[in-house]
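Chemist: coords below, sequence missing:
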């Protein structure tokens, strides 16, 4: 016999079910919201700053870090304050501490990839695989940022993941400044695969924009050598030797570099700008390089008094610094104060008897004072300490030539071999060859 | 308002709990996000390969690094350490040990020479040997410069160079000045080799840089520390041609400084390591220099007394990204069994060490990732590597790898004007590493299971290998800064078979035939070795060639390409023995096609 549900019971059950469901949903939403706000408040109220070892650190560095930490304390919800602290720490090689800050910044700015990128930079030296994953995530957040792709491509290339690396470099080709770098890296990937014609084409394209970059010409030298084009290889090789190393423009890391307390990066940026160098020197009163860079810049403008003054300031910080002494001596000699210059160089040789440049400068002083034998001895010492000292060989040759000594030929020949672009040395060699007509023994023996 | 019955209340509570749980999961995943730490497995423990027998054999030596820094003045040569030599100075068939010290010329500590006794212990015979002098002693090269059958010693110094002629009877005579070996530069590693194939060993000395001790370096205001190399001018390597002992004059030795004439003087570098081998396959030895923080150099012998630098076009200058790295120690060997040697160079801890594979002959390519070197980062640890050795430790037929580590900078903020001697060096200590070849050309980190060699951290610098006893297995000698030298005996179990080849030239006083290439042939397989002890960092190794043969029970032949290019084959047959091959007594062989 079947039982039927009384109609009244069914009608009552339906509103109850709906009520329960509403209660569940509302309660869940309420709990989520409450929890979310609680977490946001927690994030804001209790910033856990990384512990940074600042015992006995430079005052400027301590001040900078403290200021950044105060920024976090005053606005702990802000990704920028956390990011700034991270950047300051990264600038001074506090990698794990910087990484922790970037993680906090990322929590507060989840749509952007920049904090992931910087965290990757902080981790790349310690854990490149972690850095790769961070960069991949950064690209997921911001697929248009070519900087992320080039950095990731390089790490992948280093790990031998050529296909993945190339994929990212191709994506970065759309960025004007980074395009030649991407092409260069793709050339290196092709070189690794043994695809030399493709590698050469890509490297040549990169070289058209990066002609002043050492690695481009080094890569072309290698590729041409592999292809048997030895002349082209040699040309590229010689070109690479004459160039300095340069990295691609990374705005994120450049922002980090600008935070360094050291004077050196600022000095490099200031180049020959006297006003800027003066400001840097005054902002870094204990920095010898800052004073010396100012001295060099002033010397380049023939302001010898200014150069001497800057060198003396450097010597107040580090009394025996050989470079500072040499700069001071040079400036004094240029002012006609040769005896004073000589005294400075003698002091320099006491502090460091093996400085080739000091002996070279001594020779210049002796030359002005017409003390030829001492000048020759000083130059011989200079080339003994630095066998490839081209200008010293040239000057030594001149002394021999004046004495009608055929050893001048050997000296000039060495000067030309060591500095092929020295036109004066070449002229002197030609003249000496005509005069003496035969090679002479090495003056070193 | 909804009526709250017991059931509704239960539902409400349940919903709150559920909501809280969801939020907690979200918070946990965010708050504890460490999304990108490597999750690679820890390094394999591997078989135990070495045991420390230093005390047991009586090798008592503590390196003198000189006085500690004061007032921010860090003396750079101090952090570069000193090397060691493993050689048989008295010709009794047992390897002896020379250990250098770096306390400076006014120090009371001197270099020490230890003679191995028949029972395997060592006796300090340094006093009065002529090798026992103080100084900033850096590296050592061993070679018989006057072909009298007795190995002579060159010691490089910060600011000097010394040639000590072996007089026999444990005595060495300083003949530096008479020999014309003048060098006031900062010498590091050195190598003897016969670059002009005239039968007399010439000498290449790499120099580090033009150091200025008045310079005080601080890391962007963070710490006083040892200066990095880029602060100073680079320096050229020096090449000295052996003019041969003058006949009728007591066999005095003379060298000519051919640095500029040879072309080596054209390019300055920051040389720390050097090997002299035939890199191009033309039978003439070339010079490979590891330059710290700069491109390496490969000086290719032009066969006319000059050399041409070709590291860039041949792929040895930079890593695969075209970056110069902190190149320190060098090891060469046929890692993948291709019949061509590969080149391994150690770097600083923030870089990957590099393995350049040779192929085709004379061309090199960075394959560090392919052999697991970049995977070293996956273990979460890298060190600043100096001395390094490629040798078959377990004799399974494939070359393994050892690296000794030690930092070059504090790595923390240190600005105290006065240093605490008790803790100063603790900032620089790192553990050593061992890697086994998996027989497919990859290296597996087995440091974890090798605590004698890898367990205790030190500021290690030199690593030399030698076969110290008749067991025929490769032992290791480690030097440390301001610490003891340590000798590690190979205790690898289940070792394969081995062969050790000593190649000598009777016409040259019976000396080791530096530059000879030795190939062991067994069935379809060949093993490649060399006769030249230079390599690693600041060290001189055993001058013999060691071969791990795995399961091979008999050797078909040992083929030797002598330094003058002649090729001879020697029947050997039995494995597990030391074989001495003498030039002119083998079967003349035809040079086959080079791979």
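Modeler: Yep, that arrived. Fair warning: this is a prediction, and the values are worked out from it, not measured in the lab.
Chemist: Identify the spatial nearest neighbour of the residue of the stretch 351-500 of chain B found nearest chain A, chain neighbours not counted.
Modeler: Using Cβ to the nearest Cβ, the closest approach of the stretch 351-500 of chain B to chain A is made by residue B:369 at 3.2 Å. The way it works is simple: take the backbone N, C-alpha and C, and place the C-beta from them, glycine included. Spatially, and ignoring its direct neighbours in sequence, residue B:369 is nearest to residue A:160 (3.2 Å; Cβ to Cβ, 6 or more residues apart in numbering or on different chains).
Chemist: who's in contact with that neighbour?
Modeler: Counting by Cβ atoms under 8 Å, 6 or more residues apart in numbering or on different chains, residue A:160 makes contact with B:367, B:369, B:370, B:374.
Chemist: related to what we said a few turns ago, from what I see, the residue of the stretch 351-500 of chain B closest to chain A and residue A:155 are in contact.
Modeler: No: counting by Cβ atoms under 8 Å, residue B:369 stays clear of residue A:155, with 11.0 Å between them.
Chemist: which stretch of helix or strand covers residue A:140?
Modeler: Here residue A:140 sits within helix A:128-141, counting by DSSP states H and E.
Chemist: Now do the buried residues in that helix.
Modeler: Going by neighbour count (16 or more other Cβ atoms under 10 Å in any protein chain shown), the buried part of helix A:128-141 is A:128-139, A:141.
Chemist: Kindly report the same for stretch B:88-106.
Modeler: If you call a residue buried by 16+ other Cβ under 10 Å, then stretch B:88-106 has these buried ones: B:88-90, B:94-104.
Chemist: ok, back up a step: from residue A:139, how far off is the residue of the stretch 351-500 of chain B closest to chain A?
Modeler: 21 Å (Cβ to Cβ, to the nearest Å).
Chemist: circling back to that earlier point, determine the three-state secondary structure at the residue of the stretch 351-500 of chain B closest to chain A.
Modeler: Under the three-state scheme (DSSP: H, G, I helix; E, B strand; the rest coil), the conformation of residue B:369 reads as coil.
Chemist: How many residues are close by it?
Modeler: 20 (other Cβ atoms under 10 Å in any protein chain shown).
Chemist: ditto for the one 4 residues further on
Modeler: With neighbours defined by other Cβ under 10 Å, the count for residue B:373 comes to 22.
Chemist: So what's the gap between stretch A:409-421 and the chain middle?
Modeler: 33 Å (Cα atoms, centre = their mean, to the nearest Å).
Chemist: Just confirm yes or no for it near chain B.
Modeler: Yes: using Cβ under 8 Å from any Cβ of the partner chain, stretch A:409-421 comes into contact with chain B via A:414, A:417, A:418.
Chemist: Just these: which are in helices?
Modeler: A:414, A:417, A:418 (DSSP state H).
Chemist: among these, who's most crowded?
Modeler: Using other Cβ under 10 Å as the neighbour criterion, residue A:414 leads those with 29 neighbours.
Chemist: Give me the nearest residue to that residue, chain neighbours excluded.
Modeler: residue A:393 (4.5 Å).
Chemist: and the gap between that neighbour and residue B:260?
Modeler: 9 Å.
Chemist: same question, residue B:583
Modeler: Distance from residue B:583 to residue B:260, by Cβ to Cβ: 33 Å.
Chemist: So the two - more neighbours on which side?
Modeler: residue B:260 (23 against 20).
Chemist: Of all residues in chain B, which one is nearest the centre?
Modeler: residue B:536 (1.5 Å; Cα atoms, centre = their mean).
Chemist: State the number of residues packed around residue 404.
Modeler: Going with chain A. Residue A:404 has 9 nearby residues by other Cβ under 10 Å.
Chemist: Oops, wrong one, chain B.
Modeler: Residue B:404: 33 neighbours (other Cβ under 10 Å).
Chemist: so what strands line up beside the helix or strand hosting it?
Modeler: In this structure, residue B:404 sits in strand B:400-405 according to DSSP H and E. The strands beside strand B:400-405 in its sheet (DSSP bridges) come out as strand B:385-391 (antiparallel), strand B:433-437 (antiparallel).
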